[in-house]
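Student: what's the 3D shape of this:
(chains A, B, C and D)
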2 protein chains.
Amino acid sequence: MMKYSGQTRVLVAVDCIIFGFDGENFKLLLIQRGFAPQRQKWSLMGGFIQPAESLETGAQRVLKQLTGLEGVYLEQIPGFSEPIRDPVERTIAVPYFALIDIHKYEAQLSSEYHAEWFLLSEMPDLIFDHNQMVEMAKMRLRYKAALHPILFELLPEKFTLPKLQILYEKLYETTFDKRNFSRKVLSTGLLVRQEDKDKESSRKGAFYYKLDKEKYYDNFEAFLKFIPNPEKFLV
Amino acid sequence: MMKYSGQTRVLVAVDCIIFGFDGENFKLLLIQRGFAPQRQKWSLMGGFIQPAESLETGAQRVLKQLTGLEGVYLEQIPGFSEPIRDPVERTIAVPYFALIDIHKYEAQLSSEYHAEWFLLSEMPDLIFDHNQMVEMAKMRLRYKAALHPILFELLPEKFTLPKLQILYEKLYETTFDKRNFSRKVLSTGLLVRQEDKDKESSRKGAFYYKLDKEKYYDNFEAFLKFIPNPEKFLV
DNA sequence: CCAAAAGTGTTCAACATACACCCATGA
DNA sequence: TCATGGGTGTATGTTGAACACTTTTGG
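Tutor: Below you'll find the model as predicted:
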């Protein structure tokens, strides 16, 4: 078959901004590059698109390689395409942010990559334009999470309301009234209270909740506002 | 300089979903392909990314070629990247939706392309996956416009409140209460009433308004809701 | 004078916020 | 028994939705 003539072909990479939450803080999973250029420097996990895969498939592959996880929540953010963003060769990067349950990850860590979790606030300098990608991903996550219940993707199967609230508070760098917060969250009917409590962080213990998977997936990107004044965060 | 070895390079295209509004209905600017494959079939205007340009720059170039317009409102939507989406050769497409003032366009039409405006509701079948791109763009536009005042990009410099309301009503395929609508819109302070009236569509005439450019651009993506129950439209 | 569209105000309900006290428990 | 974090209810203000009549003017 004929090809389009006179056009330049370029490398296309997917880079993953992998968010986790340890119960206290947001974290980012980074790898130390084992190859040139900028060997040893920290970077996002990424990879070049292969002939038989789509962008989304590529991103899932890259994630699986690093974390062992499949079917992860992924969202594409706008491409990074400055002609000289990669000094080696022109590469157009399509970043995805990923939300994973940090605990699921730990069990499956492959030693093929030198990967490490960093507190979002203590992130090292990254190669190329990866710092900007992280910034962009944070903005997008803030935006999306203000309107849709996606942050559950960061939590383990069983979690408590105080933990959920801390999650939101950390993302928006503020605090919320716990009475209003729990009322809003519970009023969605998405959460099912369990019998048992988490006694780790208080003597009284906090009830565990699980997602009502049915409701959650049926109306996956439901429009819900768990935080007050979302317009403050919607840039 | 060394290149990354063993990787496949691909064509990257930008395709533009160009929206216009004629005062009554949404329209889409399409071109009839002058080259194979699928010569004569309708398609979105697009082009391959050139060595010295970014995706956004490429999209602006493509738009300028077709419409003569520069600095158009553009927004990237997620890439289309199925390996066989283009039968000639693997091409990853990054679509952009564009909002233009249809009247500005008409003046500058280049005859280099066979381009035509179609009512959104009477759109022909398009090549490849362009139909899906249009669907995706409509969804994104609905989402974005429900929360941010971007639809002004579709209107001429002077417009009336009834026209603005029709614009919103057509996008959301519903009707709004004009008292509530005008109150909301005017309360933003974004609009400045002019002395003169548009007498085209009524005997009484409707006041023209202009955007307060200062306020508009200062707070370009302000969070505003001109439509009731936006959650209905936020998929 | 009449048809057709433009313009305008009020009432009510729902929602979001602010706010404070009691509970359970382990040490 | 006390210190710590968990859990809950109410009152108030704000916001958004519903709703109908008067105005203007060209024909």
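
Student: Quick one: neighbours of the closest residue to residue A:150 other than its chain neighbours, just the number.
Tutor: Using CB to CB, 6 or more residues apart in numbering or on different chains and skipping the chain neighbours, the partner closest in space to residue A:150 is residue A:144 (6.0 Å). All C-beta spots, glycine's among them, are computed from the backbone N, C-alpha and C. Residues lying near residue A:144 (other CB atoms under 10 Å in any protein chain shown) number 16.

Student: For residue A:144, grab phi and psi.
Tutor: Per-residue torsions, residue A:144: phi -60, psi -40 (degrees, to the nearest 10).

Student: which residues does residue A:7 contact?
Tutor: B:11, B:48 (CB atoms under 8 Å, 6 or more residues apart in numbering or on different chains).

Student: what about it, distance to DNA strand C?
Tutor: When CB to the nearest atom of the strand, to the nearest Å is the yardstick, residue A:7 and DNA strand C sit 49 Å from each other.

Student: How confident was the prediction at that residue?
Tutor: The predicted local distance difference test score for residue A:7 is 96.

Student: Assumed it was part of a strand.
Tutor: No: when classified by DSSP: H, G, I helix; E, B strand; the rest coil, residue A:7 is found to be coil rather than part of a strand.

Student: So the closest residue to residue A:181 other than its chain neighbours: helix, strand or coil?
Tutor: The spatially closest residue to residue A:181, leaving aside those adjacent along the chain, is residue A:165, at 5.2 Å (CB to CB, 6+ apart). In terms of secondary structure, residue A:165 is helix; the call rests on three-state DSSP.

Student: Residue A:165 touches residue A:177, doesn't it?
Tutor: No: counting by CB atoms under 8 Å, residue A:165 stays clear of residue A:177, with 9.6 Å between them.

Student: Quick one: the strands in chain A, in order.
Tutor: Under the criterion DSSP state E, chain A carries strands at the ranges A:11-21, A:26-32, A:42-43, A:45-48, A:73-76, A:91-99, A:114-119, A:159-160, A:191-198, A:206-211.

Student: Please convert those strands to a markdown table, extending it with distance to residue B:52.
Tutor: Below are the strands of chain A laid out as a markdown table (distance: least, CB to CB, whole Å):
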| stretch | distance to residue B:52 |
| --- | --- |
| strand A:11-21 | 16 |
| strand A:26-32 | 31 |
| strand A:42-43 | 25 |
| strand A:45-48 | 22 |
| strand A:73-76 | 25 |
| strand A:91-99 | 13 |
| strand A:114-119 | 35 |
| strand A:159-160 | 49 |
| strand A:191-198 | 52 |
| strand A:206-211 | 48 |
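
Student: now the ones you listed as JSON lines including mean pLDDT, mean neighbour count and distance to DNA strand D?
Tutor: Written out in JSON lines, the entries for those read as follows (pLDDT from 0 to 100; neighbours: other CB atoms under 10 Å in any protein chain shown; distance: least, CB to the nearest atom of the strand, whole Å):
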{"stretch": "strand A:11-21", "mean pLDDT": "98", "mean neighbour count": "25", "distance to DNA strand D": "16"}
{"stretch": "strand A:26-32", "mean pLDDT": "96", "mean neighbour count": "21", "distance to DNA strand D": "19"}
{"stretch": "strand A:42-43", "mean pLDDT": "96", "mean neighbour count": "18", "distance to DNA strand D": "33"}
{"stretch": "strand A:45-48", "mean pLDDT": "96", "mean neighbour count": "20", "distance to DNA strand D": "33"}
{"stretch": "strand A:73-76", "mean pLDDT": "98", "mean neighbour count": "18", "distance to DNA strand D": "25"}
{"stretch": "strand A:91-99", "mean pLDDT": "98", "mean neighbour count": "24", "distance to DNA strand D": "23"}
{"stretch": "strand A:114-119", "mean pLDDT": "94", "mean neighbour count": "14", "distance to DNA strand D": "20"}
{"stretch": "strand A:159-160", "mean pLDDT": "97", "mean neighbour count": "22", "distance to DNA strand D": "6"}
{"stretch": "strand A:191-198", "mean pLDDT": "95", "mean neighbour count": "13", "distance to DNA strand D": "7"}
{"stretch": "strand A:206-211", "mean pLDDT": "96", "mean neighbour count": "18", "distance to DNA strand D": "4"}
